[in-house]
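J.: quick one: sequence plus predicted model below, questions after.
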Amino acid sequence: MSPTVDLDGTGLRAGDVETIARGGAPVRVTDAGWERIAVAARPLGDGSVYGRTTGVGANKHADAAFGNGLRLLRSHACGAGAPVPADQARAMLAVRVNQLAAGGAGVHPRVVAALVEALNQGLTPPVRSIGAIGTGDLTALATTALCLLGERPWQGGTMPVVDIDDGDALALISSSAATIGAAALAWCDTDRLLRAMVTVAALSMDAVDASPEPFAEAVQAANPYPGQARVAAMVRALIVDRSQRRVQDSYAYRALPQVHGTAFDAADRLDAVLTVALNAAAENPLVASGRAVHNGNFHTAALAAAADGLCAALAQTAALSAARLASLVDPATTGLRAFLATGPQDSSGVMILEYVAHSALAELRGCAGGAVAAASGGALSMGAEEHASFATQSAARLATAADRAAVVVGCELVAAARAVRQRGGQLPGPLAAFASADDADRSLEADLDAAVALLPTLAD
């Protein structure tokens with residue numbers, strides 16, 4: 001089992017979320033976190049408090065009646081679509097506990113302790129995928145609250161019922177923890193993929209005798225974008241000087257630092273946004289100095305913009321991978337048979353990989369273009385809430401985009417490994433066992449599946 005992850009509301013990172021959500025790491029709230037939770041849970045002074053003494057949404061001017069908290073949870077636990085994967089549900093729980101440990105929510109410590117127990121017992125709520133628009137994961141967290149109350153079943157086991165009073169209800173569910181958790185997992189997948197893509201691109205360079213000149217330090221110093229310099233340095237560490245057969249290569253190779261570097265920069269931006277979001281007391285109302293301060297910190301515009309930016313950059317660099325694949329099947333660049341085929345002259349070799357890659361790329365581009373629709377916003381609750389970031393959808397698009405990009409790069413990897421081997425080159429490390437020596441026309445599904453599965457290993 002992975003080591004215990006401390007949740008204190010200050011130091012959680014996306015990688016920690018993955019360790020909890022996918023690695024099954026147990027969690028504990030630090031003493032400082034418990035202190036902040038307890039301070040925020042103390043009785044508030046006089047005055048109207050949204051969701052406690054009033055209704056919510058357009059009902060904010062209505063006085064709350066006794067039992068408003070339970071009615072709120074029951075009425076808002078209405079998701080749609082397929083259940084989210086267990087890792088996303090665990091990520092949501094971990095993020096919400098850490099947010100509560102940052103202070104400011106006003107949730108009773110017993111409720112937080114129950115969330116920690118659920119995580120450590122491997123329980124997940126039956127959260128569904130549709131229901132949030134980037135202004136709070138109300139349906140997902142209300143469903144979680146009903147699990148705590150014993151009105152909905154946990155997945156994976158049972159635990160004692162927890163009392164949630166009227167003051168706890170909105171304070172528990174007024175959060176974008178599910179969206180932030182899903183974005184954190186998508187970032188982890190994308191970060192690994194981006195690093196693996198450099199390794200695959202270097203292998204393709206070897207297959208076509210690409211020039212190392214575009215990766216020289218002097219070139220990067222003349223156009224000093226951090227991501228560009230990072231890509232160039234990674235490639236310099238992977239390749240050796242080789243004979244050049246062209247004055248300069250196609251954009252697929254020559255512009256790799258610029259295009260792929262942009263994706264690294266976009267990933268760094270999302271990482272920075274996530275680091276804030278994971279540890280923010282983005283509560284409305286925020287309990288501060290014994291009073292409730294109403295605000296808009298629940299809004300996830302920054303997260304949506306960063307996730308959409310990474311999705312767009314990922315589409316660009318995946319297109320470059322598809323372009324390298326095109327060069328690998330072309331005798332003009334490899335000096336080998338068309339489509340890296342063997343046998344009769346009409347053999348297809350790896351021809352089909354281009355079709356698969358462009359099918360995946362089309363879906364990836366659709367994900368990148370989805371940000372335009374999300375930007376239109378929406379007015380809800382009789383106009384009381386007239387804007388949304390749709391960060392929930394941005395996180396889902398990024399996860400899908402990373403999955404499709406992995407297919408594109410997997411196609412490049414299969415072709416590059418075959419080309420290097422056909423030219424008599426040596427395949428390093430895990431690639432030596434991965435690449436089949438059978439170049440006869442046959443189904444390449446197993447090769448492609450193996451290539452995609454190998455990508456996380458190539459990240460390092």
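T.: Right, received. Where do you want to start?
J.: the spatially most central residue of the chain: what's it in contact with?
T.: When C-alpha atoms, centre = their mean is applied to the chain, the residue found nearest the centroid is residue 186 (1.3 Å). By C-beta atoms under 8 Å, 6 or more residues apart in numbering, residue 186 lies in contact with 307, 395, 398, 399, 402. For the C-beta atoms, the positions are set from N, CA and C on the backbone; glycine is no exception.
J.: quick one: which of these has the most company?
T.: residue 307 (34 neighbours; other C-beta atoms under 10 Å).
J.: continuing past the helix or strand that one falls within, what's the next helix or strand?
T.: Per DSSP states H and E, residue 307 falls inside helix 301-328. Following helix 301-328 in sequence order, the next helix or strand is helix 331-334 (DSSP H and E).
J.: now do the strands in the stretch 51-200 of the chain.
T.: Here the stretch 51-200 of the chain has its strands, by DSSP state E, counting those that start in this stretch, at 80-83, 128-130.
J.: break the protein into its domains for me.
T.: Domains of the chain are assigned by automatic domain parsing as 5-175, 186-282+296-458.
J.: with residue 288 as the reference, name the closest of these.
T.: Go through the domains of the chain one by one with C-beta to C-beta and the one that ends up closest to residue 288 is domain 5-175, at 6.4 Å.
J.: rewinding a little: now the helix holding residue 307, how far from the centre of its chain.
T.: Centroid displacement of helix 301-328 relative to its chain, using C-alpha atoms, centre = their mean, to the nearest Å, is 14 Å.
J.: how about stretch 286-303?
T.: Distance of stretch 286-303 from the chain centroid (C-alpha atoms, centre = their mean) equals 24 Å.
J.: what's the burial count for residue 42?
T.: Using other C-beta under 10 Å, residue 42 is surrounded by 9 other residues.
J.: what's the answer for residue 342, then?
T.: 15.
J.: got a list of what the nearest residue to it once chain neighbours are set aside touches?
T.: Among residues not flanking residue 342 along the chain, residue 439 sits closest, at 4.3 Å (C-beta to C-beta, 6 or more residues apart in numbering). Going by C-beta under 8 Å, 6+ apart, residue 439 touches 340, 341, 342, 343, 349, 418, 422.
J.: what does the average pLDDT come to for stretch 101-119?
T.: Mean pLDDT, stretch 101-119: 96.
J.: what distance separates that stretch from the centre of its chain?
T.: Per C-alpha atoms, centre = their mean, the centroid offset for stretch 101-119 relative to its chain is 25 Å.
J.: show the pLDDT at residue 59.
T.: So residue 59 comes in at 67 (pLDDT).
J.: hmm, residue 398 and residue 370 touching each other?
T.: No: using C-beta atoms under 8 Å as the test, residue 370 is too far from residue 398 to be in contact (10.0 Å).
J.: between those two, which contacts overlap?
T.: 308, 311.
J.: coming back round to it: out of the strands of the stretch 51-200 of the chain, the one nearest residue 218 is which?
T.: Across the strands of the stretch 51-200 of the chain, residue 218 has its closest neighbour in strand 128-130 (49.0 Å, C-beta to C-beta).
J.: in its sheet, what does the closest one sit against?
T.: strand 80-83 (antiparallel) (DSSP bridges).
J.: pull the CA atoms of the partner strand into PDB?
T.: The C-alpha coordinates for strand 80-83 follow below in PDB (Å, rounded to 0.1, in the frame of the first residue of the first chain):
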ATOM      1  CA  ALA A  80     -27.500  11.700 -14.900                       C
ATOM      2  CA  GLY A  81     -25.500   9.700 -17.300                       C
ATOM      3  CA  ALA A  82     -23.100   6.800 -16.500                       C
ATOM      4  CA  PRO A  83     -21.500   6.500 -13.100                       C
END
